[in-house]
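J.: The sequence and its predicted three-dimensional model are supplied below.
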Amino acid sequence: MPIIRTPEERFNDLPNFPYTPRYFMHKGARIHYIDEGKGPTILCLHGEPSWSFLYRKMIPILSQNHRVVCFDFIGFGRSDKFTEQKEYSYDMHYNTLKAVVEHLRLHDITLVVQDWGGLLGLPFALKHGNLFSKLVIMNTFLPSAKASSIFTTFFKAMPFFAWRKYAKNHPNLPIGKIIQRATVSKLSTEVVAAYDAPFPNKRYKAGAEVWPSLVPIFFNNPAASHMKQARKALKNWHKPALVMFSDKDPITGKFASFFRKRIPSATKQPTITIRQAGHFLQEDKGVEIAQHIVNFMQQTS
């Protein structure tokens, strides 16, 4: 299980990201996290192929009256990386999330998820409901082989399978360019470089290459049972929940109604659509999203 670490100098001069990097060890791998502000905890989870840098526009606003924790899953950001695709699994990422919550002794958590953050964070939060008080769900999904027809139709569509194949087999994934393609706003050269920073060369990209292949779209996928249980549990989530999806996300945009209809408490919140934002809506509209979350926290405190 070869593990490599991105050289620290790769993260010098990151734009608008002055946060102190913090670390702890988990089963031989170093996990990076940011811990800013004081107050009730907001835990933000990133997805594929981003890292905690994605939340840089939101942290200053959220941390004014809250403790904001963002961490990098193994294979991403400042966290260590396995060099072989076979070392990455749903359970490995799930257990990393568990380790972060336990190491930092988090409780009364407002969970903010997007992309893979939802596939991992929602099943974990619903299973450990005593630790979580609120959910903020953005541009994500909970698929499985036995999902409803909307999921089946979606996963038969060419774009997802094309992306899945592209990520796994590309000779050297252009991470920064992928982020740019999934945003509406034009990213600066410095921001694109910041998304590329964790990956000096192909050896560091095994986690990014394989993550789309771990999406449980077939019945024998080990994560399918987690998705099924989470979808059922959402029906019994009566604590506050806010669903915010963007209007220009061809990957997960159509699943906003799934969450709004399934979560009883979500119907008590206003229907919010983030306009002129792509899949990585935190990058396009981070300040606006953070203000919606602050309002949500105040209204449901």
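T.: All right, it came through fine. Numbers count the residues shown, from 1 in each chain.
J.: Where in this structure is the helix or strand with the lowest mean pLDDT?
T.: Scoring the helices and strands of the chain by mean pLDDT, DSSP states H and E places helix 149-156 at the bottom, with a mean of 50.
J.: Mind checking what helix or strand follows it in sequence?
T.: helix 158-169 (DSSP states H and E).
J.: Packing partners of the following helix or strand past that following helix?
T.: Using DSSP H and E, the helix or strand that directly follows helix 158-169 along the chain is helix 175-181. Under the contact criterion of 3 or more CB pairs under 8 Å, 6 or more residues apart in numbering; DSSP states H and E, helix 175-181 touches helix 189-196. For glycine as for every other residue, the C-beta is placed from the backbone atoms N, C-alpha and C.
J.: which non-adjacent residue is nearest Tyr90?
T.: Ala223 (3.8 Å; CB to CB, 6 or more residues apart in numbering).
J.: where's that neighbour relative to Thr41, distance?
T.: Ala223 sits 26 Å away from Thr41, taking CB to CB, to the nearest Å as the criterion.
J.: re earlier: now do the residue nearest to Tyr90 against Lys248, distance only.
T.: Counting by CB to CB, the gap from Ala223 to Lys248 is 28 Å.
J.: Who has more neighbours out of those two?
T.: Higher neighbour count among Ala223 and Lys248: Ala223, with 21 against 16, using other CB atoms under 10 Å.
J.: Give the full set of residues in contact with the more buried one.
T.: Applying CB atoms under 8 Å, 6 or more residues apart in numbering, we find Ala223 in contact with Tyr90, Leu119, Leu214, Val215, Pro216.
J.: The third one - how many residues pack around it?
T.: Other residues near Leu214 number 22, with proximity taken as other CB under 10 Å.
J.: Check the second one too.
T.: By other CB under 10 Å, the residues close to Leu119 number 27.
J.: With the first one instead?
T.: Around Tyr90 sit 21 other residues, with neighbours defined as other CB under 10 Å.
J.: Gly75 now?
T.: 30.
J.: Hmm, it is touching Ser89, no?
T.: No: the pair Gly75 and Ser89 does not pass the contact test of CB atoms under 8 Å, sitting 11.2 Å apart.
J.: so what's His215 up against?
T.: Not quite, residue 215 is Val, not His. Leu119, Pro143, Arg164, Asn221, Ala223.
J.: One more pass at 10 Å, please.
T.: By CB atoms under 10 Å, 6 or more residues apart in numbering, the residues touching Val215 are 48, 90, 116, 119, 141, 143-144, 155, 160, 163-164, 221, 223-224, 227.
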